[in-house]
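Chemist: Quick one: sequence and predicted model below, then my questions.
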Amino acid sequence: MATPKPTAATRAGAVLAAACLLLAAWLVVAPKRAAALDPFTGYLMAHFTGESSTGQQIHLAHSKDGLRWTDLNGGAPVLRTTVGTRGVRDPALVRSPAGDRYWIIATDLCIGCGQDWATAIGNGSRNLVVWESTDLVNWSAPWLLNVAGAIPDGRNAWAPEAIWNPATNDYLLYWATNVPQNGTTKHRIYAARTTDFRTITTPQRYIDRPGTQEIIDTQIVEVPAGLGSYRYVRASGDGQITLEGSNTITGTWTTVGNLSGIGLTGRQVEGPMWMKFHDRNQWALYLDQYSSGRGYMPVTTTAPATPSTYQITASGSYDMGGTRKRHGSILNLTAAEESRVLSRWQPTPAGSRIQSYNFTDRYVRHVNYDVRIDPDVSPAQDAQFRVVPGLANSSGYVSFESVNFPGHFLRHSNYDFVLAANDNSATFRADATFRQVTGLASSSWVSFQSYNHPDRYIRHYNYLLRLDPITDAAGRADATFRVTG
């Protein structure tokens, strides 16, 4: 039996049906177009803190003015990766144009957690770690996104960033990969397009510097139309902190200068992180002082494409909070977003003091890295500590981090106490971890039992802090404290 030929009407119907199917599919996968968000009222920073299994996770901090930051969740991680290397660095916070979806994308890297720098550079993870949320507080399980596997001989994937590109109606995802090309092996910036951070287009080389000069960290900020000559400005760590401008994200970029004029080069700072103040046309470019180990500092400007307008912020005019903040990103928050975030992860107090039970006018303090109990401590921050989850065991244990020396913790060494920088060794973490128990001299106070010497407790003796077995009433009084505001 012959197959009847389609009529013009049936052909038109088939074309219409196919078009409807294509449109329906596009509506399902295509991101929503940009919507006018509610006014911004605060700022959220995602960051990591340093080379430890806890430090190389997702940490959050909050600010009302963009310059004074408070750690959320007591300074402990808010998200921990369970995939890849089990560590993350360089997180980027991404909001959808409609403000109804968020992503965190991060480097899959954990130095000191089974990896060293040589391996991470020459044969590291080609993946990024991604989380997704619809409200900034409830996050999906993390997944791995392979971004460098399609780059011939690509050896890692570091420092990811993403920006919405209205010209293509998707995100430009960009990162650094170490790859040999043209006789030189170095980090270059690669980019791909994505709508969902689960699949990407074929990566293309995005930024390359001449000769052997590497480029690892770069971040783009959009500038309001009419303010300066460029719609987009990017800051890159490439031996300098180089500033470039362009009117299209994927078009030609023009170098406008660097920050050497204010004494900042890529040998001192890295991890450029943009923030737009929501109440004025001013920007902060946060820079990670990696060479001195001091974390982020803000440089401000009213014209991102004009290097002569940049100014280093005076040290007393900003406060980075209790933890050292390293390469991350900042998201301006609406009032609703800010309320959800603060309700979920309350800010930690500025610092706690540890008061002696039998010398109530004296508090634990550090002086020249030694630890003792003293009255009338000056400066007051020498007697202020952040009580954070235990470095060796976060379940039921605590550690004491100095407020004015972030990254330094109280630890015992030969049963004497010192304030020391966390070297992330197993010995350090154990020496700096304690179980808070009912006070040995009073049940309304507390005592601190050593994690790795459970027969010993923190106590003072001749006003110096020690770790001792407690065998008598005097020892019980010396080993009893109160944590106060």
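Modeler: That came through, no problem.
Chemist: make it CA atoms for all contacts and neighbour counts henceforth
Modeler: Noted.
Chemist: Domain-wise, how is this structure divided?
Modeler: Per the record, the chain has its domains at 40-344, 353-484, by automatic domain parsing.
Chemist: Using a markdown table, please lay out the ones you listed together with mean pLDDT and mean neighbour count.
Modeler: Shown next, in a markdown table, are the domains of the chain (pLDDT from 0 to 100; neighbours: other Cα atoms under 10 Å):
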| stretch | mean pLDDT | mean neighbour count |
| --- | --- | --- |
| domain 40-344 | 94 | 20 |
| domain 353-484 | 93 | 19 |
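Chemist: and residue 118, that one's in a helix?
Modeler: Yes - counting by DSSP: H, G, I helix; E, B strand; the rest coil, one finds residue 118 located in a helix.
Chemist: Which other helices and strands does the helix or strand where residue 257 lies contact?
Modeler: Using DSSP states H and E, residue 257 sits within strand 254-258. Judged by 3 or more Cα pairs under 8 Å, 6 or more residues apart in numbering; DSSP states H and E, strand 254-258 is in contact with strand 241-246.
Chemist: For the stretch 251-400 of the chain, which segments are assigned as helices?
Modeler: Assigned by DSSP state H, counting those that start in this stretch, the helices in the stretch 251-400 of the chain fall at 335-344.
Chemist: Oops, could you answer that again for the stretch 51-200 of the chain instead?
Modeler: Remark: helices assigned in the stretch 51-200 of the chain by DSSP H, counting those that start in this stretch are 117-123.
Chemist: So what sits opposite the residue nearest the centre of the chain in the bridge?
Modeler: When Cα atoms, centre = their mean is applied to the chain, the residue found nearest the centroid is residue 47 (0.6 Å). For residue 47, the beta-bridge partners are residue 59 (DSSP bridges).
Chemist: my read: it touches residue 59, true?
Modeler: Yes - counting by Cα atoms under 8 Å, residue 59 is a contact partner of residue 47 at 5.3 Å.
Chemist: thinking again about what came up before, name every strand pairing with the strand holding residue 257 and say which way it goes.
Modeler: strand 241-246 (antiparallel).
Chemist: what's in contact with the partner strand?
Modeler: Contact with strand 241-246 is made by 229-236, 252-260, 264-266, 269-270, 272, 305, 307, as judged by Cα atoms under 8 Å, 6 or more residues apart in numbering.
Chemist: And for stretch 473-485?
Modeler: So stretch 473-485 is contacted by 349, 351-358, 439-442, 445-448, 457-461, 470 (Cα under 8 Å, 6+ apart).
Chemist: End to end on it, go ahead and measure it.
Modeler: One end of stretch 473-485 sits 27 Å from the other (Cα to Cα, to the nearest Å).
Chemist: my read: residue 404 touches residue 381, true?
Modeler: Yes - using Cα under 8 Å, residue 404 is in contact with residue 381, at 5.9 Å.
Chemist: how far does stretch 141-159 stretch from start to finish?
Modeler: Using Cα to Cα, one end of stretch 141-159 lies 20 Å from the other.
Chemist: pLDDT value on residue 22, please?
Modeler: The model reports residue 22 with a pLDDT of 34.
Chemist: ok, now the one 5 residues further on?
Modeler: pLDDT recorded at residue 27 is 35.
Chemist: same question, residue 9
Modeler: pLDDT for residue 9: 40.
Chemist: Next, residue 475: secondary structure please.
Modeler: Per three-state DSSP, residue 475 ends up helix.
Chemist: what's the distance between it and residue 121?
Modeler: Using Cα to Cα, residue 475 is found at 52 Å from residue 121.
Chemist: Ok, residue 410 next?
Modeler: Taking Cα to Cα, one finds residue 410 at 33 Å from residue 121.
Chemist: Just list the residues touching the nearest residue to residue 270 once chain neighbours are set aside, thanks.
Modeler: Distances taken as Cα to Cα, 6 or more residues apart in numbering put residue 288 closest to residue 270, at 5.1 Å, once the chain neighbours are dropped. With contact taken as Cα under 8 Å, 6+ apart, residue 288 is in contact with 269-272, 294-297, 325-327.
Chemist: With residue 64 instead?
Modeler: If a contact means Cα under 8 Å, 6+ apart, then residue 64 has 41-43 as its contacts.
Chemist: give me that answer again for 10 Å
Modeler: Applying Cα atoms under 10 Å, 6 or more residues apart in numbering, we find residue 64 in contact with 41-44, 70, 332-333, 338.
Chemist: ok so, going back, could you give the bridge partners of the residue nearest to residue 270?
Modeler: residue 270, residue 296.
Chemist: Make 26 the starting number, not 1.
Modeler: Taking 26 as the first residue, the last one we looked at is residue 313.
Chemist: Against residue 81, how distant is it?
Modeler: Residue 313 sits 15 Å away from residue 81, taking Cα to Cα as the criterion.
Chemist: sorry, back to before: what is in contact with residue 72 and residue 84 at once?
Modeler: Contacts common to residue 72 and residue 84, judged by Cα under 10 Å, 6+ apart, are 102, 114, 116, 350-351, 353.
Chemist: ok, of those, which one's closest to residue 202?
Modeler: Residue 202 has its nearest neighbour among those in residue 114, at 14.8 Å by Cα to Cα.
Chemist: Could you verify my assumption that that closest one touches residue 129?
Modeler: No - if you go by Cα atoms under 10 Å, residue 114 and residue 129 don't touch, sitting 11.0 Å apart.
Chemist: Between those two, which contacts overlap?
Modeler: Here residue 114 and residue 129 share the contacting residues 71, 83, 154, 185, scored by Cα under 10 Å, 6+ apart.
Chemist: Not counting its neighbours along the chain, what's nearest the last one?
Modeler: Using Cα to Cα, 6+ apart and skipping the chain neighbours, the partner closest in space to residue 185 is residue 200 (4.3 Å).
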